[in-house]
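Trainee: Quick one: sequence and predicted model below, then my questions.
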Amino acid sequence: MSATYETLALDVAAHVATLTLNRPDSRNALSLRMCHELVAALAAVAGDERVHVVVVRGAGPVFCAGADLKERKTMTDQDMTARRVAGFAAYAAIERLPQPAIAVVHGAAFGSGCEIAAACDFILAAEGTQFCYPEVGWGTVGATQRLPRAVGRRMAKELLFTGRKFDAAEAREIGLVNHVYPAAELPGRAAEMAAAIARATPLTVRLTKRSVDQGLATTREGAMAVELLAIDENLRGTDWKGALAGFGAQGAADAR
């Protein structure tokens, strides 16, 4: 994973890949190049057996201020469609990672920034972080799929139709964000969570993620079949007896 990116930084250490949106002078606005580089970088991450968990963060004062509006000023209708498709591909590349992905959000996440964060498995945010879905106010359509799945149909419509800003505390209350921490604590808290996930058996974590995601997209009966297949693959691919014995020994030690 030695590629050099213009709009991103990618680092792997202790089984954690840290992917940084790295256009701080542009408030990490999502450009066409960043879309393409996200797809390429995430393909590399997905195929890297060293990586057990992925952290997505932003350089500078904000996570991501949205789409690169300066870039769009000279675009034709066809260019805009191609740019939106490229954005969808970038979000999907995050969402389809076999490893868990944690969004670590600070400052602001607007528009495309919200989509990048919501494509991760969950979000940790700094106190005071501002979220906003401004698409309707810009005269365009977007963010209509992940947001309602996270916060419900009625709240999603409110946020999309009004384009109002809301803070990290409200984002947690409505289910968009998992945890909110003081800004100074956020990096450490995120590192702790990533390290805890990275210590788990990689195949088991990947199968659990796949089961949840595929299960929610089908019927209850289909979801049970998805989980049963995952259980079978896990039994064949891991030292589950050793893990169970270790867990039992740890539980006995804790009880003493």
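Mentor: Sure thing, it's come through. Everything quoted here is computed from the prediction, not taken from an experiment.
Trainee: quick one: pLDDT of Asn234?
Mentor: For Asn234, the model assigns a pLDDT of 88.
Trainee: buried residues in the helix or strand encompassing it?
Mentor: When elements are assigned from DSSP states H and E, Asn234 belongs to helix 220-237. Across helix 220-237, burial judged by 16 or more other CB atoms under 10 Å covers 223, 226-227, 230, 234. The way it works is simple: take the backbone N, C-alpha and C, and place the C-beta from them, glycine included.
Trainee: In the residues you listed, find the pair that's most separated.
Mentor: Farthest pair in those (CB to CB) is Ala223 and Asn234. Separation: 16.3 Å.
Trainee: can you map out the helices along the chain?
Mentor: Assigned helices in the chain, in chain order: 32-46, 69-72, 77-95, 112-119, 146-151, 153-162, 168-174, 186-199, 202-216, 220-237, 240-255 (criterion: DSSP state H).
Trainee: can you put those in a markdown table and add distance to Leu19?
Mentor: Converted to a markdown table, the helices of the chain look like this (distance: least, CB to CB, whole Å):
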| stretch | distance to Leu19 |
| --- | --- |
| helix 32-46 | 6 |
| helix 69-72 | 21 |
| helix 77-95 | 9 |
| helix 112-119 | 10 |
| helix 146-151 | 18 |
| helix 153-162 | 26 |
| helix 168-174 | 21 |
| helix 186-199 | 12 |
| helix 202-216 | 17 |
| helix 220-237 | 26 |
| helix 240-255 | 29 |
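Trainee: The ones you listed: which one's closest to Ala13?
Mentor: Ala13 sits nearest to helix 186-199 of all the helices of the chain, at 10.0 Å, using CB to CB.
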